[in-house]
Every structure is written in structure tokens, then in C-alpha cells.
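Enquirer: Generate coordinates for the sequence data below:
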Amino acid sequence: MNESLDARSHLTPGRKPVLELLRSRPDNLDTVFLADDAPGLGDILGLCKEAGVRFRKVRRTELDRMVPGNHQGVVARLRGRTLVDLDGLIDAAARSPFPLILALDQVQDPGNVGTLARTLLALGGAGLLFPKDRTAFIGPAAAKAAAGALDRLPLCQVVNLARALDTCAEAGLTIYGSAAGPGSTDLFAARLDFPAVLVLGNEDKGMRPNVGKRCAAMLSIPMRGGFDSLNVAQAGAMIMTEMLRRRS
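Expert: Here you go, the predicted model:
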């Protein structure tokens, strides 16, 4: 059964994300709001008219109320971003060209969530899995970083991530985590099996122990340049890219 996300998550700000939606999924758009003082919106207006998408010119202060921050004078309201259930996400993995589910264990920064979603979609991955509590709000900030990816990827929100990973393992998916230190395996030397789930932990505390116990292997990125860590979105992009290379 699908469940609608919070109404604010239906807003996608920014010129590039809105253009991407108009080109790829105009049927999902309800209204495009444009600041009446914003220059250079002819391409967006043209695509709205071409696709029959409703648009409204409003005062910039109205856009500021809808989406705090730099919306670039454009905000798209979608008909509704929905969640899939876990079985649906597992089925999506079986059909994906890159059969990987990305699980986020309490990732807090919406920019990281959006960037990871964008990378996953670009590589052909199956979808996002995340817990209901203590996860970045999948709203305008995440949508802007995702540049439309959150509106095209299956999203699955669960109450208990550890139990959801158990269900994935029972369905035949291999669970991998990302962590450095003793017991981890060099990403470039590890055996990788598919379909799979890649779990990324919180920006500061990493993966919770109860979630880490579900991982068949912990993958680490060799750090030979003097740094001891990477941003979660950077690390996730590197691991997913290597996993796709092996899959190919």
C-alpha cells in the first residue's frame, strides 16, 4: 500500500530540477510557481506550455514562504511523492539494470540524501530504504540536491531498518555496509554479490551496531592521501560506482 509523504515534500525548488521534471515527468507536475521578478525563465515557461503544465507567476515572498532558501525563483509542486512498501522495493531491485538498494541509517543532512539519490538514479539503482525516525526530511532541500531523482526513484520508509534488512536478506539480497577499521574489507578487493543492499551510516556516529550486525561485509575505501574519512555522499558515490563496475 502506498503512503503519501508530508505535503512539503511535494515541492521541488530550483531551475535545473524543475527543467528535468518538465522534460522527463511532466504528468507528475501539478503547478510550477515562478517569481514575477525572476529573469530568464523562458525555457521553463515554454516547456510548461508545451506539456500543458499549469504555471503561476507569484511574488518572490510567496516562494520564500513555500521554500526557505535559494529556490532560484522557481518551485514545482508535484501531484504527490509516494512511498512503496518493502516488497515493492525488493521487486524493483530484481528489475533494475543495477540491482542495488541504498539504505540510509539515520543520515541527517538532506543535501546528502538528495546527492545520494541522484547518484543512485544515474547508475540505474533500485531505490532508497530509510527509517522513519531520525532521517533527514525528504523535502525541498533534499529535492534540490537530487535534481529530480527523488521523484523518479522508489522510496521505502520503514519503522525498523534492522528488521527490513532481515527481510531483504531472506529475499536473497546481500547486505553490505560502509565502515573503516578492523574487520572491514577493502572495497576494491571484496567479493560483491547481487542483488544487494548498501547501508550507509550517520554522518557523525556511523552505522548503528544493530544495523551493522545485518551486514555480510563492511566495505572500506583505501585512504592513502592522509584523510581518514569522506563525506557520506562522496563515500556512497565511490562505493556504488565500484559496485556497478563489478556488476558490469
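Enquirer: which other helices and strands contact the top strand by length along the chain?
Expert: Scanning the chain for the longest strand, with DSSP state E as the assignment, gives strand 29-35. Judged by 3 or more C-beta pairs under 8 Å, 6 or more residues apart in numbering; DSSP states H and E, strand 29-35 is in contact with helix 15-24, helix 42-51, strand 54-58, helix 60-66, strand 74-78. C-betas here are computed from N, CA, C, even on glycine.
Enquirer: Might you calculate how far the helix or strand hosting Thr12 sits from the centre of the chain?
Expert: In the assignment (DSSP states H and E), Thr12 maps to strand 11-13. Strand 11-13 sits 15 Å away from the centroid of its parent chain (C-alpha atoms, centre = their mean, to the nearest Å).
Enquirer: roughly how far is the longest helix seen in the chain from the heart of the chain?
Expert: In the chain, assigned by DSSP state H, the helix with the most residues is helix 232-247. Averaging C-alpha positions (C-alpha atoms, centre = their mean) puts helix 232-247 14 Å from its chain's average.
Enquirer: who's in contact with that helix?
Expert: For helix 232-247, contacts defined as C-beta atoms under 8 Å, 6 or more residues apart in numbering pick out 98-100, 102, 107, 109, 111-112, 115-116, 119-120, 123-125, 178, 187-188, 192, 194, 196, 198, 200-201, 203, 219, 221, 230.
Enquirer: quick one: Met207 from Leu104, how far?
Expert: Distance of Met207 to Leu104, given as C-beta to C-beta, to the nearest Å: 10 Å.
Enquirer: repeat for Leu116
Expert: 7 Å.
Enquirer: coming back round to it: buried residues in the longest helix of the chain?
Expert: Buried residues in helix 232-247, counting neighbours by 16 or more other C-beta atoms under 10 Å, are found at Val232, Ala233, Ala235, Gly236, Ala237, Met238, Ile239, Met240, Glu242, Met243, Leu244, Arg247.
Enquirer: Output that helix as CSV, restricted to C-alpha atoms.
Expert: C-alpha atoms of helix 232-247 as CSV (Å, rounded to 0.1, in the frame of the first residue of the first chain):
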residue,chain,number,x,y,z
VAL,A,232,28.8,10.1,3.3
ALA,A,233,27.7,11.3,-0.1
GLN,A,234,31.2,11.1,-1.5
ALA,A,235,31.8,7.7,0.0
GLY,A,236,28.5,6.4,-1.2
ALA,A,237,29.1,7.6,-4.7
MET,A,238,32.6,5.9,-4.8
ILE,A,239,31.2,2.6,-3.4
MET,A,240,28.2,2.5,-5.7
THR,A,241,30.3,3.3,-8.8
GLU,A,242,32.7,0.4,-8.0
MET,A,243,29.8,-1.9,-7.3
LEU,A,244,28.4,-1.1,-10.7
ARG,A,245,31.8,-1.6,-12.4
ARG,A,246,31.9,-5.1,-10.9
ARG,A,247,28.3,-5.8,-11.8
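Enquirer: Do you know the pLDDT at the residue in the chain sticking out farthest from the centre?
Expert: In the chain, the greatest distance from the average C-alpha position (C-alpha atoms, centre = their mean) is reached by Asp37, at 31.6 Å. With respect to pLDDT, Asp37 scores 87.
Enquirer: Could you measure from the residue lying closest to it once chain neighbours are set aside over to Leu123?
Expert: Spatially, and ignoring its direct neighbours in sequence, Asp37 is nearest to Arg60 (5.9 Å; C-beta to C-beta, 6 or more residues apart in numbering). Taking C-beta to C-beta as the measure, Arg60 falls 36 Å from Leu123.
Enquirer: which intervals of the chain have sub-threshold pLDDT?
Expert: 1-9, 79-82, 135-141, 224-229 (pLDDT under 70).
Enquirer: Mind checking which residue lies nearest the centre of it?
Expert: Ala117 (2.5 Å).
Enquirer: What residues of the one helix or strand it maps to count as buried?
Expert: Element membership for Ala117 (DSSP H and E) is helix 110-123. By neighbour count, and taking 16+ other C-beta under 10 Å as the criterion, the buried residues in helix 110-123 are Pro110, Asn112, Val113, Gly114, Thr115, Leu116, Ala117, Arg118, Thr119, Leu120, Leu121, Leu123.
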